[in-house]
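1. Fold the stuff below for me.
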Amino acid sequence: MKRKASLGLIVGFLLLFVLSGCGSNSSKVSGTEDGKKESNKKMELVNDGKLTFAMSGLLKPLNYKKDNKLVGFDVEIGQEIAKRIGLEPNPVTNPWETIIQGLKGKKYDAIIGSMTATEERAKQVDFSDPYYISGAQIFVADSNNTLKTKIDLKNKKIGVMQASTYKQHAELYTKDIKSFPSDIYALQDLEPGRIDAVITDKIVGVSAMKESGLKIKPVDDILTTENISIAVNKDNPELLKEINKAIKSMIEDGTYKEISVKWFGVDLLAK
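-> Residues are numbered from 1 along each chain as shown. Have a look, this model is predicted:
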C-alpha cells in the first residue's frame, strides 16, 4: 500500500509538472501573439521611411516655392514633425480643390497646408491638434474708405480662394463671388478695383502686406476663430498619434515658437 501510495504521489507530481509546463508554454504563445499584434500597430506610409505631406504651394509665407524648392511655415512645421517621428520629410504640392481626394487616394500621408479643421472635412479625414489658430478676415484696398465693417459688404464683389471655407462667409453678404486659385491672386485684384473685398485667413493677408507690398488693409474684427490642423486618413491612427506627440513636444521645448517667430514675428499659439 505504501509503495502504491508513493507511486501515486510521483505520478501526481509528474502530472502537475506537465500541466505547469503546458501552462507556461501557453503564456509564452499568448505573449508572442500580443507582441505581434502590438508590432502590427504601425503607421501607414506612402513611402517607407518618409513622411510625405501635401500643400498647395501657393500660400506665401505658409507654403510656397523658392528656387524650385518648397519653403514656408507649413513646410518647416512638417519637417520638424517628421524629424521627431524619425522619418525623412517629403513635402509635395497638390491643387487645393482636390487635396483631400489625394490624401484619401494615398498619394501622401498627411496634409500640412494650413487647412481649417471643420466638421464637414472631419467626415472624410482625421485632424490633429491645431498647430496654429487664425480666423477669417476681410481685406480691402488701402484706398477704400467706404468698406469699414462686414455690414458694408452687402451686394459687393468678394474674392475668395477656390474650395476654401471663406466662400461660406462671403455668401452671407453677396451673391457676387469670384473664386481664385490662390488667396494672393485674389488680394492682388483689390488695388486695381476688380473686386471690392477679399475674405481670407488673417495671417495670409497680413503676410501679403509685408512680403508682397500689397496696398491692402484689414477691415473689422476676424469673422471666426479657426483651428488649423494636420489632416490624415481615418485608417491611420498611429500616424495621428505620433503627429500629436510631435506637436506637443515642439511647443513644450520652444521649437514651435522659434519657427513661428521666424515667419510671422509672433507665436501663433500664444494666448
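2. Could you use CA atoms for every contact and neighbour count after this?
-> Will do.
3. Sticking with residue 91, tell me its helix or strand.
-> Assigned by DSSP states H and E, residue 91 falls within strand 88-93.
4. who does that strand touch, helix- and strand-wise?
-> strand 50-55, helix 73-85 (3 or more C-alpha pairs under 8 Å, 6 or more residues apart in numbering; DSSP states H and E).
5. Determine the angle, from 0 to 180 degrees, between it and helix 73-85.
-> 150 degrees (axes from the mean of the first three to the mean of the last three C-alpha atoms, to 10 degrees).
6. May I have whichever helix or strand comes after strand 88-93 as PDB, with CA atoms only?
-> Where DSSP H and E defines the elements, the next helix or strand beyond strand 88-93 is helix 99-104. Extracted C-alpha coordinates of helix 99-104, given in PDB (Å, rounded to 0.1, in the frame of the first residue of the first chain):
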ATOM      1  CA  ILE A  99      -6.100  67.900 -51.800                       C
ATOM      2  CA  ILE A 100      -8.400  65.800 -49.600                       C
ATOM      3  CA  GLN A 101      -9.100  63.400 -52.500                       C
ATOM      4  CA  GLY A 102      -5.400  63.000 -52.900                       C
ATOM      5  CA  LEU A 103      -5.000  62.100 -49.300                       C
ATOM      6  CA  LYS A 104      -7.800  59.500 -49.400                       C
END
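7. name the helices or strands packed onto helix 99-104?
-> strand 110-116.
8. Parallel or antiparallel, which strands does the strand it packs on pair with?
-> strand 50-55 (parallel), strand 225-232 (antiparallel) (DSSP bridges).
9. Mean pLDDT, distance to residue 97 and mean neighbour count for these - can I get that in JSON lines?
-> Compiled in JSON lines, those are given as follows (pLDDT from 0 to 100; distance: least, C-alpha to C-alpha, whole Å; neighbours: other C-alpha atoms under 10 Å):
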{"stretch": "strand 50-55", "mean pLDDT": "98", "distance to residue 97": "11", "mean neighbour count": "25"}
{"stretch": "strand 225-232", "mean pLDDT": "94", "distance to residue 97": "15", "mean neighbour count": "22"}
